[in-house]
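Trainee: Sequence and predicted model, in that order:
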Amino acid sequence: MTRISMSVDGVRYSDDVEPRTLLVHYLRERVGKTGTVVGCDTSNCGACTVQLDGQAVKSCSVLAVQADGAQITTIEGLAGPDGALHPMQQAFHAQHGLQCGFCTPGMIMTAVDLLAENPDPSEAEIREGIEGNLCRCTGYQNIVRAVQSAAEQMRGVRS
Amino acid sequence: MSTAMFGAPVRRHEDARLLTGAGRYLDDLGHRALAAAFVRSPHAHARVSDIDVTAAAEVDGVVAIFTYEDLTGRMAEPLPLLIPHPALHAPRTAYPLARGEVNHVGEPVVMVVARDRYLAEDAAARVVVSYDPLPAVVGLPAARSARHAVHPDVPDNVAAHLVQAVGEVDTAIAAAPHVLELDLEIERSASTPLEGKGVYARWNSDEGSLRVYTSTQASTSVRAAVAAKLGLPLVKVDCIAPDVGGGFGVKIVHPWPEEVLVAWAAQRLAALAPEGIKWTEDRWEHFVSSAHERGQLQHVRVGFDSDGRLLGLDVTIWHDNGAYTPYGIIVPIITSTQLLGPYKPGAYRCEFFSLYTNTVIVTPYRGAGRPQGVFAMERTMDAIADHLGLDRAEVRAVNFIAAEEMPYDQGLIFQDGRPLIYDSGDFAATLDKLKALVGWSDFQAYREQARAAGRRVGIGLACYVEGTGVGPYEGGHVQVETSGKVMVATGLTSQGQGHQTVLAQIVADELGVDFDDVEVTTGDTRRFGYAVGTFASRAAVMSGNAVALAARKVRQKALRIAGEALEADPSDLEIVSGVVRVKGAPASAIPLSTVAVLSNPLRYAFDEAAKAATQFAVGDTSKPPVAEDDEPGLEARDFYSPTQSTFANGMHAVIVETDPDTAEVRVLRYCVVHDCGPLINPMIVEGQVHGGVAQGVAGALYERMVYDDAGQLLNASFMDFLMPYASEIPTVEIDHLETPSPLNPLGIKGAGEAGVIPGSAVIASAIEDAEGFVIRRMPISPSELFELRASYAAGRVPGLRRTSGERTDPRTRPGHSPDNDSPDNDSPDKET
């Protein structure tokens, strides 16, 4: 067992974990952040995407011990303290960017990361930017529209 | 006035929880449950000679290890044959754990229960199973040859053989001026929802009851199956489908071995597992032990006149059903009936053989046999058009059933055991819309432009008819609470289709309440115990109409009670935004919440509002408080059970560009015209179409199941199975036609599967058009197209008549003339 400590959605956690424990399992089973889900086990689907020190990572491909000392943000920590949805969450709702919702937490975390790097992406850049995340329901069309719409919204908020 | 919700692109109720990580999928439940893991067969076909669990049992945290020998009672029997059919003469289903023999890689052999999944997997890895390998039957040619048998008592590997015929097809074809023959092939793909299967069961020792959560499309039937296997009364078993991360067909199969095993172990190990037992499928398990679909070989013989009108159509299908047939022969039945699409075939005969192979079972995947049928028919339409030098759209139009011929009886028996009678549709109008949307008539000019720029483009189209809303029934329960909130329940399940929104829209309109006051529960047997399931594009049609009927009953009762309270005739009342009021005199009104209070005569006032219904407050003392033909409460349930399916239809057109060097296929435009009757929520319908088209494109260009000759699935992960990302899927352009169904109160037809159905057919049509030679096999990868070009250049693949002589590119110019001017009926155009 190894002692680790990290901040998850603004709350500090310390636990003893087996070194082989994946970050996603630590988040789901120890911290209780079940909003982050597992879709593939091979880091292809991106459903488990969270932010580690501000960078999107696939938490099925990170060991919990590697996140020792890190700040983790999951989908459950994305809304404001008052519960107000993040513009990306609002845009997914308004543009019907989700159906079953299973890929949605990872897709949103990736999209937020994408806009942090490129606040005004073209459609092609959005499609390329989310091509580490699989969705089986939507055909991506409304996801792309949601990211476009969130980008507009967020640029407006900033300016 | 309330705004009409039916027809509005209402944003979904489901989103609030799903956007914030507050959804509850199967693996999000049962935090303190024990975990199950399975030892699965590494062989496609083998005898199990020994199982040694000694080392596994020593792993710390292991609670139990089960093999077939441990199964008791009905658990030791084979899993049920869900849909028997007289033509399925040799049905075979698996045992929950292998009994002496395994028939595909991934078949469960041993179940391990441990403190957590890591430990369960550790122990599973230490189980030693000895196998004596047997010859594996992989692929339809091997199954057909019957050199080896999957099941020793089915030596020809034929599970089912069915012939359906209308008219004298041999006579009709013999007399036809033109005859063509085509050999076609479609490979396997799979539903592949982002969330795999999973089941969590907890035995309540105090009550002697079992609660099963499962990621299913059919919770009522899982409940019945588990109760039967465990010998429990139905009322002692609850089954709940929580949030389900996609289904697309694979989760309609039930009970899966894991569903009954986890439930059985939860009861058996109750003392050791007070918080229950959970199993969550991993991605590899999903590939090798869930279900696939699509794989078929087809032979088409067609006779037609010089306008391209079908005179006789004779189709033989070899369908790969995998190792077992738990879901019967629904898929090939659908292929052989829905193949007809919007057309009159003249005489028709369809024969299929459903064959065993040592591979994962084959059960419905979105489209459920229709993509293969449409592929057969639409490839045939294109072949006829090319043969006669006619426009492909015109050949289709000449064969259409006319709108005024509805209802139209195709003379066959459909998958629901009912006659195949189309109820509605205007195919000519749909085609006109499609041609306008894609610019069919202008394409030649575009092609010339592209060619001048060194680009190779093609256009294709494909048409389909889809039987939706199959029976036998669904039900709905609607209850107005004394808070004014309306609670709705239906038994079928949801996997992302937005039922909580769509059914709320329907109830809001029927009842006259605000959309946000309606809360819908699906797939929970505690709330509604009678249901069939979510499949065959049936949820909106079946449960939509059921909740509408139940809401109408509630409305009627509300008007009666309000009429008594307001001393008005119920026919003079209306319900607007949850308030019953006198038409034209809105001041004379009573809220539905109060009507709900009054509907339940009380002795005890449990809150302030309830005082209005207590015994000294209301009631005609000459009558019983609850009339003989009445019940307390403002609630009702009703069922919708149609005599037959309702038939949606649509047509797709696609423009592709093929790279002259790399043979990569790019979809430039994808156009859809769709007729599912009146749209309840166009945003949701279009979302369904987008997702369906994505799966159609995926099945045409990217996805397949690659088995080697030993029956190993070589691409059993998302690394190797090419499920498309946003970078591959095109934007879909959609237009709608709304011809209502005469069969149900809302006039609606199903929409869930439509998008996927013509995918392989329409893309094959466009690639063929771009390349100038025939495409007979899908999916198609760039390397396969590259090789086809070489085969075409070498004269081994026939060219299209319409493009012969057009090509100037030496890489594709054939060394021979693809033209064949000999009399058609003397030399059928036989292709490989």
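Mentor: Yep, it's here. Quick caveat, the model's predicted, so the values are computed rather than measured. Numbers count the residues shown, from 1 in each chain, chains lettered A, B, ... in the order given.
Trainee: send the alpha carbons of the longest helix seen in chain A over as CSV?
Mentor: If you go by DSSP state H, chain A has its longest helix at helix A:141-158. The C-alpha trace of helix A:141-158 is given here as CSV (Å, rounded to 0.1, in the frame of the first residue of the first chain):
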residue,chain,number,x,y,z
GLN,A,141,-22.8,16.4,-35.1
ASN,A,142,-24.5,18.0,-32.1
ILE,A,143,-21.4,17.6,-30.0
VAL,A,144,-19.5,19.6,-32.5
ARG,A,145,-22.2,22.2,-32.5
ALA,A,146,-22.2,22.3,-28.7
VAL,A,147,-18.5,22.9,-28.6
GLN,A,148,-18.8,25.7,-31.2
SER,A,149,-21.6,27.3,-29.3
ALA,A,150,-19.8,27.0,-25.9
ALA,A,151,-16.7,28.6,-27.6
GLU,A,152,-18.8,31.5,-28.7
GLN,A,153,-20.4,31.8,-25.3
MET,A,154,-17.1,31.7,-23.5
ARG,A,155,-15.4,34.2,-25.8
GLY,A,156,-18.3,36.5,-25.2
VAL,A,157,-18.0,36.1,-21.4
ARG,A,158,-14.3,36.8,-21.5
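Trainee: Is that helix positioned near chain B?
Mentor: Yes. Using Cβ under 8 Å from any Cβ of the partner chain, we find that helix A:141-158 touches chain B at A:Gln141, A:Asn142, A:Ile143, A:Val144. (C-beta placed from N, C-alpha, C; glycine too.)
Trainee: For that helix, buried residues please.
Mentor: A:Gln141, A:Asn142, A:Ile143, A:Val144, A:Arg145, A:Ala146, A:Val147, A:Gln148, A:Ser149, A:Ala150, A:Ala151, A:Met154 (16 or more other Cβ atoms under 10 Å in any protein chain shown).
Trainee: got it, and stretch B:594-611?
Mentor: Neighbour-count burial for stretch B:594-611 [16+ other Cβ under 10 Å]: B:Thr594, B:Val595, B:Ala596, B:Val597, B:Leu598, B:Ser599, B:Asn600, B:Pro601, B:Leu602, B:Ala609.
Trainee: who's in contact with the fifth one?
Mentor: I take that to be B:Leu598. B:Ile561, B:Ala565, B:Ala612, B:Ala613, B:Val618 (Cβ atoms under 8 Å, 6 or more residues apart in numbering or on different chains).
Trainee: Any idea how many residues pack against the closest residue to chain A within chain B?
Mentor: For chain B, the residue closest to chain A is B:Gly21, as judged by Cβ to the nearest Cβ, at 1.8 Å. A total of 24 residues lie near B:Gly21 under the criterion other Cβ atoms under 10 Å in any protein chain shown.
Trainee: Checking it next. Helix, strand or coil?
Mentor: Assigned with DSSP: H, G, I helix; E, B strand; the rest coil, B:Gly21 falls in the coil class.
Trainee: so what's it closest to, chain neighbours aside?
Mentor: Leaving aside its chain neighbours, B:Gly21 sits nearest to A:Gly35 (1.8 Å; criterion: Cβ to Cβ, 6 or more residues apart in numbering or on different chains).
Trainee: burial of that neighbour, as a residue count?
Mentor: 26.
Trainee: dump the residue contacts of it.
Mentor: A:Thr74, A:Ile75, A:Glu76, A:Pro105, B:Thr20, B:Gly21, B:Ala22, B:Gly23.
Trainee: Just the buried residues from these, in PyMOL please.
Mentor: Filtering the contacts of A:Gly35 down to the buried ones (16+ other Cβ under 10 Å) takes a single PyMOL command:
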select buried, (chain A and resi 74+75+76+105) or (chain B and resi 20+21+23)
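Trainee: Surely B:Pro42 and B:Val105 touch.
Mentor: Yes. If you go by Cβ atoms under 8 Å, B:Pro42 and B:Val105 touch, sitting 6.3 Å apart.
Trainee: These two: which has the busier surroundings?
Mentor: Neighbours were counted for B:Pro42 and for B:Val105 using other Cβ under 10 Å; B:Val105 has more, 26 against 16.
Trainee: pLDDT score assigned to that one?
Mentor: pLDDT recorded at B:Val105 is 98.
Trainee: same deal with B:Arg813?
Mentor: At B:Arg813, pLDDT is 37.
Trainee: partners of the helix or strand hosting B:Glu351, with directions?
Mentor: Assessed by DSSP states H and E, B:Glu351 sits inside strand B:347-356. Looking at strand B:347-356 with DSSP bridges, its partner strands are strand B:158-166 (antiparallel), strand B:310-322 (parallel).
Trainee: Please render those strands as TSV that adds mean pLDDT and mean neighbour count to the earlier fields.
Mentor: Listed next are the strands paired with strand B:347-356 as TSV, based on pLDDT from 0 to 100; neighbours: other Cβ atoms under 10 Å in any protein chain shown:
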stretch	mean pLDDT	mean neighbour count
strand B:158-166	97	18
strand B:310-322	98	25
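Trainee: Now that we have those, can you turn them into a markdown table and tack on distance to A:Ala116?
Mentor: A markdown table is the format used below for the strands paired with strand B:347-356 (distance: least, Cβ to Cβ, whole Å):
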| stretch | distance to A:Ala116 |
| --- | --- |
| strand B:158-166 | 55 |
| strand B:310-322 | 46 |
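Trainee: now for those strands, which one comes closest to B:Glu195?
Mentor: Evaluated with Cβ to Cβ, those place strand B:310-322 nearest to B:Glu195, the distance being 22.3 Å.
Trainee: got the contact list for the next helix-or-strand element following that closest one?
Mentor: Per DSSP H and E, the first helix or strand lying C-terminal to strand B:310-322 is helix B:330-338. Contacts of helix B:330-338 with the rest of the structure, by Cβ under 8 Å, 6+ apart, involve B:83, B:85, B:160, B:162, B:164, B:293, B:296, B:315, B:317, B:319, B:321, B:350, B:352, B:354, B:362-364, B:368-370, B:372-374, B:376, B:410, B:412-415, B:420, B:464-467.
Trainee: what residues does the stretch 601-750 of chain B put near chain A?
Mentor: B:683-684, B:687, B:690-695, B:717-719, B:723, B:725-727, B:729, B:731-732.
Trainee: Which of these fall within helices?
Mentor: B:Met683, B:Ile684, B:Gly687, B:His690, B:Gly691, B:Gly692, B:Val693, B:Ala694, B:Gln695.
Trainee: Check the contact between the second one and A:Thr138; I expect there is one.
Mentor: No. The pair B:Ile684 and A:Thr138 fails to qualify as a contact (Cβ under 8 Å) at a distance of 11.2 Å.
Trainee: Tell me which of the two has more neighbours.
Mentor: When B:Ile684 and A:Thr138 are compared for neighbours, A:Thr138 comes out ahead with 28 against 24, by other Cβ under 10 Å.
Trainee: OK, contacts around that one?
Mentor: A:Thr138 neighbours (Cβ under 8 Å, 6+ apart): A:His96, A:Gly97, A:Leu98, A:Gln99, B:Gly687, B:His690, B:Gly691, B:Ala694.
Trainee: same thing with B:Glu466?
Mentor: By Cβ under 8 Å, 6+ apart, the contact set of B:Glu466 is B:Gln338, B:Arg370, B:Ser537, B:Phe647, B:Ala648, B:Asn649, B:Gly650, B:Gly750, B:Glu753, B:Ala754, B:Ile757.
Trainee: What residues are bridge-paired with it?
Mentor: Residues in beta-bridge contact with B:Glu466 (DSSP bridges): B:Ala648.
Trainee: Residue of chain A closest to chain B, please.
Mentor: A:Gly35 (1.8 Å).
Trainee: That residue looks like it's in a helix, true?
Mentor: No. A:Gly35: not assigned to a helix; according to three-state DSSP it is coil.
Trainee: and residue 79, how many residues sit next to it?
Mentor: Picked chain A for this. Residues within reach of A:Ala79, counting by other Cβ under 10 Å, total 17.
Trainee: try chain B instead
Mentor: So B:Leu79, with other Cβ under 10 Å, has 21 neighbours.
Trainee: What values do phi and psi take at it?
Mentor: phi -60, psi 160 (degrees, to the nearest 10).
Trainee: Who's the closest spatial neighbour of it, skipping the chain neighbours?
Mentor: Closest to B:Leu79 by Cβ to Cβ, 6+ apart is B:Thr93, at 4.6 Å.
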